[in-house]
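Chemist: Coordinates for the following, if possible.
(2 chains)
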Amino acid sequence: MPIHNEDIAAIFDEIADLLELQEANPFRVRAYRNAARNIRGMGDLAALLAQGKDLTELPGIGEDLAQKIAEILATGSCKALKELHRKVPAGLEDLLALPGLGPKRVRTLYTELEVKTLKQLEKAAHAGRVRALAGFGTKTEQNILDAIGAHRETERRFLWPVAAEYAEPLLEYLRGGPGVERAVAAGSYRRGRETVGDLDILAIAARGKPVMAHFTAYDEVETVVSQGETRSTVILRSGLQVDLRVVPKESFGAALHYFTGSKAHNIRVRRLGQQAGVKINEYGVFKGKRRVAGDTEESVFRAVKLPFIAPELREDRGEIEAAHKKRLPKLIERADLKGDLHTHSLATDGHADIEAMARAARDAGLSYMAVTDHSRRLTMVHGLDVKRLRKQLEEVDALNARLKGITVLKGIEVDILEDGSLDLPDEVLAELDLVVGAVHGQFNLSRAKQTARILRAMDHRCFSILAHPSGRLLEERAACDLDMERIIGHARERGCFLELNSQPQRLDLTDIHCQMARAEGVLVSINSDGHRVEDFGLLRRGVNQARRGWLEAADVLNTRPLGRLRKLLKSTMG
DNA sequence: GCCGTTTTCGGCCCGACTGTTTTCAGTCG
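Modeler: Have a look, this model is predicted:
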């Protein structure tokens, strides 16, 4: 069984939980958590180890953890974890997942009430036995019951555009609040993550109290979780949690930096501050008691001798080191895109004809658009067979003769069949400007088979772009088990391209895979996969993901003007 | 358990809110 980074990270997190319950040295606990977090953002550890790489060179991994990683990769498990499980009752660590319960309280619950499971905890709380414990009270007891209830409804994350639907009106509302000078979204929303767990909003006002009263009075607020003068938390009817922090104007930059995160990035920057002899918090940068910076984010970075780092990069994935070396990427912007290489029309499952799509693409500032309808295998959407595809090609010729300011390219989103062959014969594929290949079924093949399937498809002499490579649908369907390193390497050898699909549920490639593609020199195509005229607006989401993946305009295929693009495509078409 | 332009020991990011207290511990982000 292949061991993934996530498996190792999960074991380290579990060890951290169990150590906490034993009241181990908190810094030791943190070391495990840091390692788990770092591992989630790294290249495949199994492959690194197989290459003979010294794991202690990785950040947060020393002798001990390197040895544990090797052990997990070899055996799938870890003796230290089993050892801990012998000392801590099974299931106890699950209680830590309840908000409001940390290691101290869970331990008390166990030693005083012999509570080991959620069910036992619920029973004890109902019986009023929790409130009697030292340090607990009736309020805490009720909070525990509420938390158990909320825990049953599985944690929900919101796709970024969904979060935006709640965030933007709320920001407008807050801007109209008493004494509010500014209100902006920070957190993972500002970093442009694929999904947002809760919304962090930062407001500038001289006095916090009236702003908080205004905030909690918002008519979509269902629950006020906490309310202070500088920080409050509410839950909206939609289930979205919103944290609002209010700071004075001179603290805006420091607060924006701090609340934008990520946590890992912040810790790095604060540590740099310590080394430079300053203290960084959300109110500013301080030398002793004197504020030396903090009105803008730039001033905070300057205080630790760094250039401005774009929010999308702030994940502690090398941005600090790159900034030090003045090697930060000049991130791609939406205006850099010259075309879109994956769209649909009425011929299959699109909602507009090719002409309407082309006009919309032109209105979106693009100068070319490939129509890439589905192939015959997808009978559900009336996929194109050879005859219908040839008819579409004639239609495109006629359209190009007529349309000004936009060129329609001839393409297909051809199904990659289970054995890696393509769903249409070579002769017709060879008549196209580009062939976009995609997997639409048999997502559950083994890693070896799925990878081989895609490699074989890429070997086809007409293959241009691999669309939505992992097949994942956020919050719905997991990614296929794929060896992305091999696929990216193969794309480089073959001279073909990988898609970053801009549909909010896909955003596939991931940010990390974009970074890998860039490192290998494989161009990424940012496509809308548009099915309706409005869908060209989604390209912003794709560009955002590309920025999170460190891509510059030069790393993206469809930033090329049409002539250059045609040459690149031709080189893939045997 | 990790780490090092204060280096092999002694640090490890920092502040706010809640609920319990009556000056603070626990938890969270």
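Chemist: CA only for contacts and neighbour counts going forward, please
Modeler: OK.
Chemist: Report the contact partners of A:Arg268.
Modeler: By C-alpha atoms under 8 Å, 6 or more residues apart in numbering, the residues touching A:Arg268 are A:Asp316, A:Ile320.
Chemist: secondary structure element for it?
Modeler: Counting by DSSP states H and E, the element that carries A:Arg268 is helix A:263-275.
Chemist: Name the residues of that helix that come out as buried.
Modeler: By neighbour count on 16 or more other C-alpha atoms under 10 Å, the buried set for helix A:263-275 is A:His265, A:Asn266, A:Val269, A:Arg270, A:Arg271, A:Leu272, A:Gly273.
Chemist: Could you give the backbone dihedrals for the residue of chain A found nearest DNA strand B?
Modeler: For chain A, the nearest residue to DNA strand B under the criterion C-alpha to the nearest atom of the strand is A:Gly137, separated by 2.3 Å. Phi and psi for A:Gly137, reported as degrees, to the nearest 10, are phi -160, psi -170.
Chemist: picking up where we left off before, which two of the buried residues of helix A:263-275 lie the greatest distance from each other?
Modeler: Looking at the buried residues of helix A:263-275 by C-alpha to C-alpha, the two members farthest from one another are A:His265 and A:Gly273, with 12.5 Å of separation.
Chemist: hang on, isn't the residue of chain A closest to DNA strand B packed against A:Arg131?
Modeler: Yes - distance between A:Gly137 and A:Arg131: 4.2 Å, which falls inside the contact criterion (C-alpha atoms under 8 Å).
Chemist: Check which helices and strands the host helix or strand of A:Arg190 sits against.
Modeler: Under DSSP H and E, the secondary-structure element containing A:Arg190 is helix A:187-191. Other elements packing on helix A:187-191 under the criterion 3 or more C-alpha pairs under 8 Å, 6 or more residues apart in numbering; DSSP states H and E are strand A:195-196, strand A:198-204, helix A:252-260.
Chemist: give me that answer again for 10 Å
Modeler: On a contact count with 3 or more C-alpha pairs under 10 Å, 6 or more residues apart in numbering; DSSP states H and E, helix A:187-191 meets helix A:160-175, strand A:195-196, strand A:198-204, helix A:252-260, helix A:539-548.
Chemist: Now do that helix: everything it contacts.
Modeler: Here helix A:187-191 makes contact (C-alpha atoms under 10 Å, 6 or more residues apart in numbering) with A:159-161, A:163-164, A:167, A:184-185, A:193-202, A:243, A:256-263, A:310-315, A:544-545, A:547-548.
Chemist: Just the buried ones from those, in PyMOL syntax?
Modeler: The following PyMOL command selects only the buried members of the contacts of helix A:187-191, with burial defined by 16+ other C-alpha under 10 Å:
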select buried, chain A and resi 159+160+161+163+164+167+184+185+193+194+195+196+197+198+199+200+201+202+243+256+257+258+259+260+261+262+310+311+312+313+314+315+544+545+547+548
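Chemist: Would you mind trimming the contacts of helix A:187-191 to those in range of DNA strand B?
Modeler: By C-alpha under 7 Å from any atom of the strand, the members of those lying near DNA strand B are A:Lys263.
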